[in-house]
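Chemist: let me see the structure of the following:
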Amino acid sequence: MVQSVVPSDSRKKISSMLSLILTAHNEGEEVQRTLESVFSKTTEDVEALIVDDASTDGCCNGVENSHVRGIRNVVRTGVASSRHMAVQASRGRALAFLDGHQRVGPGVLNRCAVAAAREAAIVVPDMRGFDPWSRTLHGATFQLCPERGYFGAEWNDGYPHQEVTRISSLRAPAYVMTRETYDRVHWIEGLRNWGGSEAAISVKAFFLDIPILHLCWTPTLHMFKEKLQYNATWDDVWRNHALIARVCFDDRTWYKYWLPKLFEPHLTDEAKRDMESESIVAQHEEFQRVKVRTDAEFWTVLLKQPVPPELA
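Modeler: Next up is the predicted model:
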C-alpha cells in the first residue's frame, strides 16, 4: 500500500530541472543532511523526490517543502521499486539517484547531468567514504561475484588519465542519467528488497550499448555500512539476480546456462514460478526485441573471457 503526497498531474510537467531520486529506510538524521548537501551544492533548479520505504524511525518526517516531495510506502517494497516510483512522479529532464546517507560536492550533480545529456549516458562521479582517510573510488568494473557467481562489480581505485572515462558498471549511488535513458534501462519490475539494483541497470546498459561514464571531480561521500539497517534475505538477493538473467538473456542462455549452472539450487519454488510468470516473460520478450548486443558478447566483451562451453 502506498501513501503519496505527489500531485497527480506532476508527471506531465517535464522541465529542465534536475530531479533527485532518493529512497530511505530508517536512515535517522542522514536524510535531512543529504538533502542539505544537495541543495547547498547544486547550482541549477533541483527538486527532490523521497520515498520513505516503510521507515519506523521517522527519518523522512518534516523534510517536505516546496522543493522536496515525499512518497511513503506502508509496506517496504525495496530499493529498485521505490526509485522507479519516484521517477514516475518526478518532473526533471535529468535524474540523479542517491542513497539517504550521502554528501555531494559543489556542482558535481550538475556536471554529471550535462555529461549524461551530451553523451546519452549514465554518469557516476568520484566517491569515497565519510572517513577522511578513505580511498577515492573512480567508478567500477563489472564482474561476476567471485564467491557466488552472480552479477557484481569491483571498485576502481586507480587514478584515471582523463576527466571522463568509460567504465563498465555501477556499484552504488550517486549516478545521473536523462529521463530518456532511464526509460530504456529502467529497473526490472519485480525486484524486491535489496540486492542487484545497480547490477540490473549495468547489465541492461551493456546490452543496449548505453555508456556508463565516470566523471573525475570532487568526490561524492557515501556512508558505507558494515551492517544494513533493514532485513535483506538471501532468497531475495538470489531471486533478484535470477530476474536480471531471465529478462536480459535469451531463452537458450537462461535454460542451458544461468538456471542449471547457477540459480536453480538457490531459488525457492515461488521464485522459480516467478521466472515463468506472465509479467517477467513479457519483460524478457520486450528486452530481447530492443537489445543490440548478443549474449556471447556479455562474456567476450564485458567479462573479457570465453563463452561458457555450455553455450559454445
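Chemist: excluding covalently adjacent residues, which one is nearest to the residue nearest the centre of the chain?
Modeler: Centroid-nearest residue in the chain: residue 198, 3.8 Å away (criterion: CA atoms, centre = their mean). Sequence neighbours aside, residue 170 is the residue nearest to residue 198 in space, at 3.9 Å (criterion: CB to CB, 6 or more residues apart in numbering). From N, CA and C alone the C-beta is placed, and that goes for glycine too.
Chemist: count the neighbours of the one you found for me.
Modeler: Per other CB atoms under 10 Å, the neighbour tally for residue 170 reads 23.
Chemist: how about residue 190?
Modeler: Residue 190: 18 neighbours (other CB under 10 Å).
Chemist: next one: it from residue 150, what distance?
Modeler: 16 Å (CB to CB, to the nearest Å).
Chemist: re earlier: does the residue nearest to the centre of the chain touch residue 185 like I think?
Modeler: No. Assessed by CB atoms under 8 Å, residue 198 is found out of contact with residue 185, at 11.2 Å.
Chemist: quick one: the helices in this protein?
Modeler: For the chain, applying DSSP state H gives helices covering 30-41, 79-89, 108-119, 179-185, 197-208, 234-248, 251-253, 269-275, 278-290, 295-297.
Chemist: as CSV, the ones you listed with distance to residue 47 and mean pLDDT would be great.
Modeler: What follows is the helices of the chain, written out as CSV (distance: least, CB to CB, whole Å; pLDDT from 0 to 100):
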stretch, distance to residue 47, mean pLDDT
helix 30-41, 10, 92
helix 79-89, 10, 95
helix 108-119, 12, 96
helix 179-185, 13, 98
helix 197-208, 22, 98
helix 234-248, 29, 97
helix 251-253, 40, 99
helix 269-275, 34, 98
helix 278-290, 29, 99
helix 295-297, 38, 99
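Chemist: tell me the contacts of residue 181?
Modeler: Residues counted as contacts of residue 181 (CB atoms under 8 Å, 6 or more residues apart in numbering) are 116, 120-122, 210.
Chemist: ok, now which ones touch the closest residue to residue 142 other than its chain neighbours?
Modeler: Spatial nearest neighbour of residue 142, chain neighbours left out: residue 169 (3.7 Å); criterion: CB to CB, 6+ apart. Contact analysis of residue 169 by CB under 8 Å, 6+ apart lists 139-143, 153, 198-199, 202, 212.
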